[in-house]
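Asks: predicted model and sequence below, questions to follow.
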Amino acid sequence: RDEAAEVEAVDDGEATEDALVEDAPREDAGPRCTDLSAAWTFNGGATGWTHDPVDAPVTGEWDPWEIGEPTAGSTGCHGSATTNQCWATGLAGAYPACQRGGLVSPTLDLAPCASASFTVDVVFWHWHDFDRATGSADGGLVEVTGDGGGTWTALAPTGGWDGPIAMNASSCEGAIYVDGRDGYLGASGAWVQETIRIPIEHLTTEFAFRFVFGSDAAGSADGWVIDDVAVRVR
């Protein structure tokens, strides 16, 4: 074929090899890590969050978490929305004795982020006032799971924990989950934003995190309030 014939063939719609490659449909590679950020203000309700006792005896009410607007302690949630809700270990006053409740996020698929190229943080605002007495310190901590809740691992915030939670376990029925673990203690004095960096090994198809609270019977205080939680990826 001469050059004129080749030009005519292309002009008549005969596809070249390069054109076939360029026009071929591309497979959908699924969501990108940077598309997987999530945020919860709770102003519209629980939005997939749950709460349950953590390693508690079968008798008793061991889970104090509830959603609404506190009228004691922090006297409100973080932010200034007209309908402002948050999670608290008691909306109307001090938390009960011998508590061991976990506030659990929805399960997220963060497998596309399991690379050193990405950074994933759990970021949240909280206010807390935990009782501290001689030989006793109520408190709370944050844990993550990569297997849908089969196993949980405590992760410290970027500024570190306040210290070890210490329970007067003999005053309650059964062991208290957070006893002897590092966590948040005492009073924050204000709303504080925290950041927890998530290691690659936890970035799976079944990622979740939870806020775990514990109290003994030595004393009580206004407790823990959680608001404006987010998973940030970059």
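Replies: Yes, it's here. Residues are numbered from 1 along each chain as shown.
Asks: from here on, just use CA atoms for contacts and neighbour counts.
Replies: Noted.
Asks: can you list the low-confidence ranges for this structure?
Replies: Low-confidence segments of the chain (pLDDT under 70): 1-30.
Asks: and for H51, the neighbour number?
Replies: 17 (other Cα atoms under 10 Å).
Asks: what's the closest non-adjacent residue to it?
Replies: L103 (4.4 Å; Cα to Cα, 6 or more residues apart in numbering).
Asks: mind listing the residues bridging to the one you found?
Replies: H51, F211 (DSSP bridges).
Asks: which stretch of helix or strand covers the residue nearest the centre of the chain?
Replies: For the chain, the residue sitting closest to the mean C-alpha position, by Cα atoms, centre = their mean, is F209 at 4.1 Å. In the assignment (DSSP states H and E), F209 maps to strand 208-214.
Asks: just checking, what packs against the next helix or strand after that strand?
Replies: Scanning forward in sequence from strand 208-214 by DSSP H and E, the next helix or strand is strand 223-233. Judged by 3 or more Cα pairs under 8 Å, 6 or more residues apart in numbering; DSSP states H and E, the packing partners of strand 223-233 are strand 38-40, strand 86-88, strand 120-129.
Asks: surely the residue nearest to the centre of the chain meets G148?
Replies: No. At 9.4 Å, F209 does not count as touching G148 under the criterion of Cα atoms under 8 Å.
Asks: just the helices from this protein, written as ranges.
Replies: With DSSP state H as the criterion, the chain has helices at 3-11, 17-23.
Asks: how about the residue nearest to H51, what does it touch?
Replies: Residues near L103 by Cα atoms under 8 Å, 6 or more residues apart in numbering: W49, T50, H51, D52, W65, R210, F211, V212.
Asks: next, count neighbours for T47.
Replies: Number of residues near T47 (other Cα under 10 Å) recorded here: 12.
Asks: show the backbone phi and psi for it.
Replies: Phi and psi for T47, reported as degrees, to the nearest 10, are phi 40, psi 50.
Asks: from I200, how far off is the nearest residue to it once chain neighbours are set aside?
Replies: Ranked by Cα to Cα, 6+ apart and with sequence neighbours excluded, the top spatial neighbour of T47 is W40, at 7.7 Å. Relative to I200, W40 is positioned 23 Å away (Cα to Cα, to the nearest Å).
Asks: now do D52
Replies: Counting by Cα to Cα - D52 and I200 are separated by 27 Å.
Asks: for Y95, same thing?
Replies: 36 Å.
Asks: give me the more crowded residue out of those two.
Replies: A count of neighbours by other Cα under 10 Å puts Y95 above the other of Y95 and I200, at 24 against 17.
Asks: what number of residues lie near E206?
Replies: Neighbour count for E206, taken as other Cα under 10 Å: 18.
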